[in-house]
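A.B. asks: what shape does this take:
(3 chains)
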Amino acid sequence: MSISALLDKYGSLYLQAMLTTWRLTVISFAGAMAIGLIITVIRVCPIKPLRYLGDFYVQIFRNIPGAAMLILLVYALPYLKLNFPYETCVLIATIMIPSAFCSEHLMSGMNTIAPGQIEAARALGFSFFQMIRRIVIPQALRSAVLPLTNLLVATMLTTSLASQVPMRPRDLTGIVSYINTRDVGGVLAFAISAALYCLTALLLGQLGGWIDRKVRILR
Amino acid sequence: MTESNVPVIELRHVDKHFGTLHVLKDISLSVNRGEVVVIIGPSGSGKSTLCRTVNRLETIDSGEILIEGVPIPPEGKKLAAMRRQIGMVFQSFNLFAHMTILENVVAAPRSILKQNKKDARAEALRLLERVGVADQKDKVPAQLSGGQQQRAAIARALAMHPKAMLFDEPTSALDPEMIGEVLSVMTELAGEGMTMLIVTHEMNFARRVADRVIFMDGGAIVEENTPEEFFAHPQSQRAKDFLSSISEH
Amino acid sequence: MKNPSIRDILYEPPGPKARRRIGITTAAALLLIAGLIYLIIRQFAENGQLDARYWSFFGRATTWRFLGEGLLSTVEAALTGALIAFAVGFVLMRGRLNRFAVIRFVSAAIIEFTRGVPTLLFIYLFFLVVPQTGWELSSFWKITLPCAISACGVVAEALRSGVNAVPKGQREAALSLGFGEIRLFYQILFPQAIRFVIPSLIAELVIVLKDTTFASVVSYADLMQNAKVLISNYDAMLSVYLVVAVIYILINYLLNKLSEYLARRMNRGAEGRTS
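C.D. replies: Predicted coordinates for the structure are as follows:
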């Protein structure tokens, strides 16, 4: 199949697929950031059992394979009378797995803060929350820009899990399997999706690098 | 008792352990208004720990610490309010890495004292001028030399209008050629009547600027005297050994 | 001195009020966690998922032998994939540091490409597209090759950062001793670089291992696929998938711990040398 024939027949599907991948990526990343932030707060709070709970969450979700988690959500949870639509199952996986990594990046961002600066803030008379807001969060976020950019790309790659469930519209990975089971799409069908993934990743990487250069903290 | 008779900083029978190590042994001392007290002693003598207990960066096991006659609160807003009145300068400067020099000086007056932007800025510039780093105001700490960072850190502490200043080995992390510029800022500050408690290894500075010298060893105050008397006629064997060991350098 | 974690620096030694507050919240948190565990167990019990028939077969040796075989296939695929990724990654890294701009550019493009495309898409390439060319691969290679391709770019970048981490002075010292560029690289730079990057290589192995769970797409009999056989034998979906998930989590957890341990040990070593 030539590229023009392929695009004639499936062009609008590709467009839909790309928008689907982007949509899943944005929702997943926003969710992962929100949950990752909450988990991080829990992990640094002074309540020991909550800390362990936060650590436990992170260890579970940074170590579970995406496929295993999706299968649990789609096929096993209904046995506990927990039925979710396919897209919800995909999103739960693509939010919770990156959220664990998000928390790890925020933790190491915080660990770049020299202990002396915390003491200095205390000695100046900052209250605990003033210190968190003015000293800890800005520094942690600014040194986590690059890891979080990489996480955003990784989240996009994780959304390819959507191809494993019968979800409509299909994502960029699902469309390749769809075309190739109906037509002989050949390597072209693959290449178009791959190029769209790659371009998105490249753009996100550039954006992240630009932000990082703006906010990087000299040490 | 009139207000001026109450010591700005007073420690009564302070004890502290790190595990089995007895780092502060029954320490009592006071610093009066306008007085400059210098603590010297070998490393590991507990002098830094002592300095840090004054604004409760280190907790104590027993005894009392009073600021203008009021015991230092154990926690919360009251502790933060007390700390505002005591400036502190650290060995490793501890400027906020994500802020410019000017922002470092403005941060606490803005967030804590709720000063308006214009006033806080004007005051900060005046202080930076005074310590001689006004021309560096828009750089970040990592772009400054150690001496410049430490002077900016002094300006940051002064911006809160403290009643007293603590200096925890302020020149120990500096290259030799930068020690002088920091000490001269401190000397100036002492000349203006600031109440100061200083932990240092700079004996010449202590001799020149101190009203009183405290010699610590093994977690206890061994000797307390005027600088003239202390350096000319140390009473204890330990002080004699210490002074002769440093004069060899 | 070991670096204290931010967790310990953030809080001051608590005063009496703070201690009381922490005590009360800790008790509340423990109750909350106990409540959560209770809810989960109740959900299992109410749906009959705690029945013996779903769990008793885990007491049989055959079950574990079967899962073990699957695990072995998983490990085989993951290790083969990782080895290929290492070899290709090494070549890409050399290309990325080549003196010719064209080679540098091509290597960088390949690295970016493999890092920007999901493993699943590579799997579909080998599963659906490659057979169209008449090239028949076994299911083992259909899962192993995509996983390897997906990892090689990351490996290349990890190796490159390792080479760049070797102090510049060593290069100059070796050149002044009369080392050629090739001997310099293989005898001086690379042996040190590899030590720097072993932790991130192990972390990458975890990613390859996770990627192999897509083996069911190509019907390779890995742990996941064998789990499916158990499920149809015993009609026990939830228990089997849970156990399998725990096996994956445990293996990856241990690998990550190993990687962190090696990284810590290396940092300590580096500090010891410089001070």
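A.B. asks: and the residue nearest the centre of chain A, what does it touch?
C.D. replies: With distances taken as C-alpha atoms, centre = their mean, chain A has A:Thr155 as the residue nearest its mean C-alpha position (3.2 Å). Contact partners of A:Thr155, counting by C-beta atoms under 8 Å, 6 or more residues apart in numbering or on different chains, are A:Thr25, A:Ser28, A:Phe29, A:Ala32, A:Thr94, A:Pro98. Every residue, glycine included, has its C-beta placed from N, CA and C.
A.B. asks: element containing the second one?
C.D. replies: Per DSSP states H and E: A:Ser28 is located in helix A:3-44.
A.B. asks: which helices and strands does that helix pack with?
C.D. replies: Under the contact criterion of 3 or more C-beta pairs under 8 Å, 6 or more residues apart in numbering or on different chains; DSSP states H and E, helix A:3-44 touches helix A:48-63, helix A:86-111, helix A:145-158, helix A:172-182, helix A:186-215, helix C:6-9.
A.B. asks: dump the ones you listed to JSON lines, plus mean pLDDT.
C.D. replies: Converted to JSON lines, the helices and strands packed on helix A:3-44 look like this (pLDDT from 0 to 100):
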{"stretch": "helix A:48-63", "mean pLDDT": "96"}
{"stretch": "helix A:86-111", "mean pLDDT": "96"}
{"stretch": "helix A:145-158", "mean pLDDT": "96"}
{"stretch": "helix A:172-182", "mean pLDDT": "90"}
{"stretch": "helix A:186-215", "mean pLDDT": "93"}
{"stretch": "helix C:6-9", "mean pLDDT": "82"}
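A.B. asks: any chance of TSV for the ones you listed, columns distance to C:Val240?
C.D. replies: What follows is the helices and strands packed on helix A:3-44, written out as TSV (distance: least, C-beta to C-beta, whole Å):
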stretch	distance to C:Val240
helix A:48-63	18
helix A:86-111	18
helix A:145-158	24
helix A:172-182	26
helix A:186-215	33
helix C:6-9	37
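A.B. asks: to C:Phe122, which of these lies closest?
C.D. replies: Among the helices and strands packed on helix A:3-44, the nearest to C:Phe122 by C-beta to C-beta is helix A:186-215 (8.5 Å).
A.B. asks: give me the helices and strands touching the closest one, please.
C.D. replies: When contacts are defined as 3+ C-beta pairs under 8 Å, 6+ apart, helix A:186-215 packs onto helix A:3-44, helix A:145-158, helix A:172-182, helix C:101-116, helix C:119-124.
A.B. asks: now C:Thr62: how far from C:Leu238?
C.D. replies: According to C-beta to C-beta, to the nearest Å, C:Thr62 and C:Leu238 sit 20 Å apart.
A.B. asks: neighbour count winner among these two?
C.D. replies: Remark: of C:Thr62 and C:Leu238, C:Leu238 carries more neighbours, 19 against 9, as counted by other C-beta atoms under 10 Å in any protein chain shown.
A.B. asks: and the more buried one, what's its pLDDT?
C.D. replies: Per-residue confidence at C:Leu238 stands at 94 (pLDDT).
A.B. asks: give me the nearest residue to residue 49, chain neighbours excluded.
C.D. replies: No chain was given, so I picked chain A. In space, not counting the residues next to it along the chain, A:Pro49 is nearest to C:Ala29; the distance is 4.5 Å by C-beta to C-beta, 6 or more residues apart in numbering or on different chains.
A.B. asks: try chain C instead
C.D. replies: Nearest non-adjacent residue to C:Gln49, counting by C-beta to C-beta, 6+ apart: C:Leu238, 5.4 Å away.
A.B. asks: my guess is that neighbour meets A:Lys81, correct?
C.D. replies: No - counting by C-beta atoms under 8 Å, C:Leu238 stays clear of A:Lys81, with 11.4 Å between them.
A.B. asks: shared neighbours of those two, which are they?
C.D. replies: With C-beta under 8 Å, 6+ apart as the test, C:Leu238 and A:Lys81 reach no residue in common.
A.B. asks: which one in chain B is furthest away from the centre?
C.D. replies: Among the C-alpha atoms of chain B, the one most distant from their mean position (C-alpha atoms, centre = their mean) is that of B:Lys118, at 28.7 Å.
A.B. asks: could you tell me how far the helix or strand containing that residue lies from the centre of the chain?
C.D. replies: Secondary-structure assignment from DSSP H and E places B:Lys118 in helix B:117-131. Using C-alpha atoms, centre = their mean, to the nearest Å, the distance from the centre of helix B:117-131 to the centre of the chain it belongs to is 21 Å.
A.B. asks: quick one: buried residues of it?
C.D. replies: For helix B:117-131, burial by neighbour count (16 or more other C-beta atoms under 10 Å in any protein chain shown) applies to B:Ala120, B:Arg121, B:Glu123, B:Ala124, B:Leu125, B:Leu127, B:Leu128, B:Arg130, B:Val131.
A.B. asks: tell me the confidence at C:Gly272?
C.D. replies: Confidence per residue is given as pLDDT, and for C:Gly272 that number is 48.
A.B. asks: about what we covered before: tilt between the helix or strand where the residue nearest to A:Pro49 lies and helix A:3-44?
C.D. replies: When elements are assigned from DSSP H and E, C:Ala29 belongs to helix C:16-46. Between the axis of helix C:16-46 and that of helix A:3-44 there is an angle of 130 degrees, by axes from the mean of the first three to the mean of the last three C-alpha atoms, to 10 degrees.
A.B. asks: what are the buried residues along helix C:16-46?
C.D. replies: For helix C:16-46, the neighbour count (16+ other C-beta under 10 Å) marks C:Ala18, C:Ile22, C:Thr25, C:Ala29, C:Phe44 as buried.
A.B. asks: surely the first one meets B:Thr59?
C.D. replies: No - under the contact definition of C-beta under 8 Å, C:Ala18 does not touch B:Thr59, with a separation of 11.9 Å.
A.B. asks: that older thread, can I get the buried residues of helix B:117-131 in TSV with distance to chain C and pLDDT?
C.D. replies: Shown next, in TSV, are those (distance: C-beta to the nearest C-beta, whole Å; pLDDT from 0 to 100):
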residue	distance to chain C	pLDDT
B:Ala120	26	95
B:Arg121	30	96
B:Glu123	28	96
B:Ala124	27	97
B:Leu125	32	97
B:Leu127	27	97
B:Leu128	28	97
B:Arg130	31	95
B:Val131	28	95
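A.B. asks: which residues of chain C fall in helices?
C.D. replies: Applying DSSP state H to chain C gives helices spanning C:6-9, C:16-46, C:52-55, C:61-96, C:101-116, C:119-124, C:139-165, C:168-176, C:181-183, C:190-211, C:223-234, C:237-274.
A.B. asks: the longest one packs against which elements?
C.D. replies: The one in question is helix C:237-274. Under the contact criterion of 3+ C-beta pairs under 8 Å, 6+ apart, the helices and strands touching helix C:237-274 comprise helix A:48-63, helix A:66-71, helix C:52-55, helix C:61-96, helix C:190-211, helix C:223-234.
A.B. asks: pick the most deeply packed of those helices.
C.D. replies: Neighbour counts averaged per stretch over these are highest for helix A:66-71, at a mean of 24; criterion: mean count of other C-beta atoms under 10 Å in any protein chain shown.
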